[in-house]
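>>> build me a model:
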Amino acid sequence: NLSRHHSSRRRRDKDILRRDSSKRRNDKPITIQVKQGCPGVDIGNSKLQNIAKELFQRPDIANVRWMDASYNELIEITSDILKLVSLTSLNFDNNFIASLPDSLATLRKLSKLILSNNRLRVFNPNLLQLQSLTELSLSNNKLSSLPDNLGDLCNLVCLYVSHNTLQSLPDSIGLLRKLRILDIRYNNIRTLPDTIETMSSLERLQAYCNELERLPEGIGSCSRLRVLRISSNKLTCLPVSLGNLVLLETLDVHNNKLSFLSDCVCDLSGLIELHIGDNEISYLNDRITGMTKLQTLKANSNGLQCLPAFLDSLTNLRYLHIRNNLIRTLPDTMNNLQNLLVFDAKNNPIHFPPREVWERGLSAIKAYFEEIKRSGSSRSSRLKITVLGREGAGKTSFIHCLTRSCVLEETERTVGIEVTRWIPVEDPNMAFILWDHSGNPLYDSTHQFFFSPGSLVFLVVNLSQYQYQDPDSYQSCVGKFVTMLRQFGGESVIQIVGTHSDLCNASDISNKCGEIIRNI
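This is a model prediction of the structure:
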């Protein structure tokens, strides 16, 4: 919206300039110049309302290879343009052109056509005859649609149609097999065509500031994609196939409606920049630590409650932005991030390290952790863990898998409460007391007497039994436990655990997990 405002203001200023100017430089002598061995005409930024006919009457006009008529006040392109039979590059950026002549299609050698920042409302279908076209810029116009047979421009490498009023893209765009850059920013596009999966040369897709509610699953077939910017849309989840984009280096999904960071993002091991700010993400997937090439992580303004313990696995991380979240502690592994240059954690309720330390910046944080390591100091290492969930959710099996690293066969239902002490072999100085509460509704009224403020609560949900978009199912599986914890659990931290996911497909898992987190 801000960009559109600047564009409108720029055009308004040009209108004022046009009214106030009494003399035009139409009499400015026009010469043919040679740039990089190619003869051409440069009449850009000359306040021209029309191009002198004398130019097209020159005997050497047929040799002109490029023409720059940008930043003028031209309202049309005349049919004289067809005399430029050798033209390969034509620039009419920033004028007042409202329509295009059919004669433009006769320039069969044209490979670059720039018509951005004009007043075009309709895409002239004759442009589809320009089979040599490799770059087409129509940004900042008033186009509401593109022709159904846009795919006829089969040699296009770059297509810029940002800042228009497009609501969709034609299916034929999938025929643009040579397209490397597609810029559709600042439109009103709700969905991308499924045919995008055939755009095998696509390297850069800029689709931010639209109305996208989903991405096609086929986007994972764009195997050469390196930059994907889809921020400021309405996405609630990302397709599983996104993890196939092994060459992707930049992923920007900030300002959407994502409630969790899916595994498909963490599978992007070659990612260098990840922007996930302004979403509804309450935790970072632990698998993010496998993104060892990551240099920039921006996760501002989510609901993040903690950072992954093994953050130091991101050995190349240089910029970490987590401001405006709910983070209370920083992992001491931050001390091992040797390449970290910028750390922004403002507006978080961090109490470890103490505020007077972390507010002084990254060097103070590292010095604090280094001193703890040197002196052998440690924090309390005994923690109560409460495990809740419906009967048959898999609570006991989960505890067995957590403490013994193996799946438990079918057992008898837990009666009342079972208490287990667990000391992980990875760190014998840590001790966990696990309270396994029965899921039988008969015991619901007794749970409150065993809650402790500040404990960690694993709420186990059987995803195969959970019914999507069923309020009763949410209430019985999740809601009643959350309400109970809010009333009697003090400042307990709740971690949702989904079980039986092997009995669900990927879409079910995404929908159910997203709904649970949103409802909480």
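
>>> strands of the stretch 201-350 of the chain, residue ranges please.
Remark: strands assigned in the stretch 201-350 of the chain by DSSP state E, counting those that start in this stretch are 204-206, 227-229, 250-252, 273-275, 296-298, 319-321, 342-344.

>>> low-confidence bits of this structure, can you list those?
For the chain, applying pLDDT under 70 flags the ranges 1-29, 375-382, 405-416, 429, 454, 490-491.

>>> looking at the chain, which residue lies furthest from center?
Here the centre of the chain is the reference, and by Cα atoms, centre = their mean the most remote residue is P59, at 53.4 Å.

>>> if I pick it, what's in contact with it?
P59 makes no contacts at all, as judged by Cβ atoms under 8 Å, 6 or more residues apart in numbering. (C-beta placed from N, C-alpha, C; glycine too.)

>>> does it belong to a helix, a strand or coil?
Per DSSP: H, G, I helix; E, B strand; the rest coil, the secondary structure class of P59 is coil.

>>> before we move on, what about the one 3 residues further on?
For A62, the reduced secondary structure class is helix; criterion used: three-state DSSP.

>>> let's have the chain start at 52 instead
Understood, numbering begins at 52; the last thing we discussed is A113.

>>> distance of it from I165?
22 Å (Cβ to Cβ, to the nearest Å).

>>> who has more neighbours out of those two?
Ranked by neighbour count (other Cβ atoms under 10 Å), A113 and I165 place I165 first, with 21 against 11.

>>> residue contacts, the more buried one?
By Cβ under 8 Å, 6+ apart, the neighbours of I165 are 121, 141-144, 186, 188.

>>> for the stretch 202-351 of the chain, which segments are assigned as helices?
Along the stretch 202-351 of the chain, the stretches classed as helices by DSSP state H, counting those that start in this stretch are 314-317.

>>> quick one on the thing from earlier: reformat the strands of the stretch 252-401 of the chain as TSV; add mean neighbour count.
Shown next, in TSV, are the strands of the stretch 252-401 of the chain (neighbours: other Cβ atoms under 10 Å):
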stretch	mean neighbour count
strand 255-257	20
strand 278-280	20
strand 301-303	19
strand 324-326	20
strand 347-349	20
strand 370-372	19
strand 393-395	16
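
>>> got the ones you listed as TSV, with distance to R228 columns?
TSV is the format used below for the strands of the stretch 252-401 of the chain (distance: least, Cβ to Cβ, whole Å):
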stretch	distance to R228
strand 255-257	15
strand 278-280	19
strand 301-303	23
strand 324-326	27
strand 347-349	32
strand 370-372	36
strand 393-395	40
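
>>> ok, back up a step: among the contacts of I165, which one has the most neighbours?
Sorting the contacts of I165 by how many neighbours each has (other Cβ under 10 Å) puts F143 first, at 24 neighbours.

>>> can you tell me which of the contacts of I165 is nearest S527?
Each of the contacts of I165 was checked against S527 using Cβ to Cβ; the closest is S188, at 56.3 Å.

>>> partners of the closest one in the sheet?
On the basis of DSSP bridges, S188 is bridged to I165, Y211.

>>> is it true that it touches N169?
No. Here S188 does not reach N169: they are 10.3 Å apart, not a contact under Cβ atoms under 8 Å.

>>> which residues do those two both contact?
Shared contacts of S188 and N169, defined by Cβ under 8 Å, 6+ apart, comprise D144.

>>> ok, now which ones touch the spatially most central residue of the chain?
Central residue check for the chain by Cα atoms, centre = their mean: the C-alpha nearest the mean position is that of V304, 1.6 Å away. Counting by Cβ under 8 Å, 6+ apart, V304 touches 281-282, 286, 289, 326-327, 330.

>>> what about it, distance to K349?
As defined by Cβ to Cβ, V304 lies at a distance of 10 Å from K349.

>>> need the overlap of contacts for these two.
326-327.

>>> what's the closest non-adjacent residue to S352?
Sequence neighbours aside, N375 is the residue nearest to S352 in space, at 4.2 Å (criterion: Cβ to Cβ, 6 or more residues apart in numbering).

>>> pull the number of nearby residues for the one you found.
For N375, using other Cβ under 10 Å, the count is 18.

>>> for I423, what are phi and psi?
phi -60, psi -40 (degrees, to the nearest 10).
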